[in-house]
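Peer 1: have a look; sequence and predicted model below, questions after that.
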Amino acid sequence: MSFAVGDKVVYPHHGAAIIEAKEKRTFEGKKIDYFILRITYGDLKVSIPVSKANQIGLRDVINDEEVEEVYTVLRKKEARMPSNWSRRFKNHVEKLKSGDIYQVAEVVRNLNLREADKGLSAGEKRMLLKARQILVSELTFALDVDEETAETRLDEVLASPEVVVKRSGPKKATAKKAPAVKKAPAKKAPAVKKAPAKKAPAKKAPVKKVPEAAKAPDEKDAAASAAN
């Protein structure tokens, strides 16, 4: 990352700055280029070797999208930090020295929450003030507003409710279902007409003729037989 005179930058542990000049200085018989930075808060001036600007942590001011990410950090209402004072203090000092705007925002948020809950020691109050100065100085450049407006905006964000953003995971590719194949309706076989069953002619049982019984001889025949 290269810088030039007139650039608005951020210097670790000090906040926003402007590169006012570039000059050569002799050190151990060698001429070295230096950037002259004017820290916006406190009107402090710092000189750093041009060749070591990136190594030192000099960086550009955050953009609009990164500002919103800082706000997200500030709105979080649950903060994990060591309960032990010395460990907590050391942890916050390291965050401030990092030059990372998100870590600076964490310090502001953590100490702001602790101040509202249990109060702060004198040392932590000074640290909170320092962290706010660093954060406000960069927001002033990022939002292109004056310091007072940036500080008001910071307080509004700290007082606003946490916004929970649900992150959707990568969408799984859904297997495309093959179009359903329409089955051709099964053709019904034409009904086979059954030939009417022929009724067998009923066989009549032969009527047996009963032999006529011998007639009893009538009276006339009996009388004739008796006369003879």
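Peer 2: That came in fine, so what should we check first?

Peer 1: every contact and neighbour count from this point should use C-alpha atoms.
Peer 2: OK.

Peer 1: partner strands of the biggest strand by length in the chain and their direction?
Peer 2: Assignment by DSSP state E gives strand 15-27 as the longest strand of the chain. Strand 15-27 sits in its sheet next to strand 8-11 (antiparallel), strand 30-39 (antiparallel), going by DSSP bridges.

Peer 1: tally of neighbours for residue 10?
Peer 2: Residue 10 has 28 neighbours, counted by other CA atoms under 10 Å.

Peer 1: then the one 4 residues further on?
Peer 2: Residue 14 has 23 neighbouring residues, counting by other CA under 10 Å.

Peer 1: without its sequence neighbours, what residue ends up closest to it?
Peer 2: Spatial nearest neighbour of residue 14, excluding adjacent residues (CA to CA, 6 or more residues apart in numbering): residue 134 at 6.0 Å.

Peer 1: so the one you found is in which element?
Peer 2: Element membership of residue 134, judged by DSSP states H and E, is helix 122-143.

Peer 1: quick one, domains of the protein?
Peer 2: Split into domains by automatic domain parsing, the chain comes to 8-60, 64-159.

Peer 1: rounded mean pLDDT for the longest one, please.
Peer 2: Translated: domain 64-159. If you average the pLDDT over domain 64-159, you get 93.

Peer 1: tell me which residues in the longest strand of the chain are buried?
Peer 2: For strand 15-27, burial by neighbour count (16 or more other CA atoms under 10 Å) applies to 15, 16, 17, 18, 19, 20, 22.

Peer 1: same question for stretch 70-89.
Peer 2: For stretch 70-89, by 16+ other CA under 10 Å, it's 70, 71, 72, 73, 74, 75, 76, 81, 89.

Peer 1: ends of it, how far apart?
Peer 2: From its first residue to its last, stretch 70-89 covers 21 Å (CA to CA, to the nearest Å).

Peer 1: touching it from outside, list them.
Peer 2: Identification of contacts with stretch 70-89 by CA atoms under 8 Å, 6 or more residues apart in numbering yields 101-102, 105-106, 108-110, 113, 124, 157-163.

Peer 1: cool, and stretch 24-40?
Peer 2: With contact meaning CA under 8 Å, 6+ apart, stretch 24-40 is reached by 5, 14-23, 44-51, 137.

Peer 1: thinking again about what came up before, redo the domains of the chain as JSON lines? Include distance to residue 1.
Peer 2: Shown next, in JSON lines, are the domains of the chain (distance: least, CA to CA, whole Å):
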{"stretch": "domain 8-60", "distance to residue 1": "7"}
{"stretch": "domain 64-159", "distance to residue 1": "16"}
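
Peer 1: from residue 134, how far out is residue 126?
Peer 2: 13 Å.

Peer 1: which residue is the nearest non-sequential neighbour of residue 47?
Peer 2: According to CA to CA, 6+ apart, the nearest residue to residue 47 is residue 36 (4.7 Å).

Peer 1: cool, and residue 15?
Peer 2: residue 134 (4.4 Å).

Peer 1: equivalent analysis for residue 112, please.
Peer 2: In space, and not counting its chain neighbours, residue 112 is closest to residue 128: 7.5 Å by CA to CA, 6+ apart.

Peer 1: try residue 110
Peer 2: Sequence neighbours aside, residue 79 is the residue nearest to residue 110 in space, at 6.0 Å (criterion: CA to CA, 6+ apart).

Peer 1: quick revisit: so what's the residue nearest to residue 47 bridging to?
Peer 2: Beta-bridge pairing for residue 36 (DSSP bridges): residue 21, residue 47.

Peer 1: mind jotting down where the helices sit in the protein?
Peer 2: Under the criterion DSSP state H, helices of the chain are mapped to 53-56, 64-75, 85-98, 101-117, 122-143, 147-159, 219-227.
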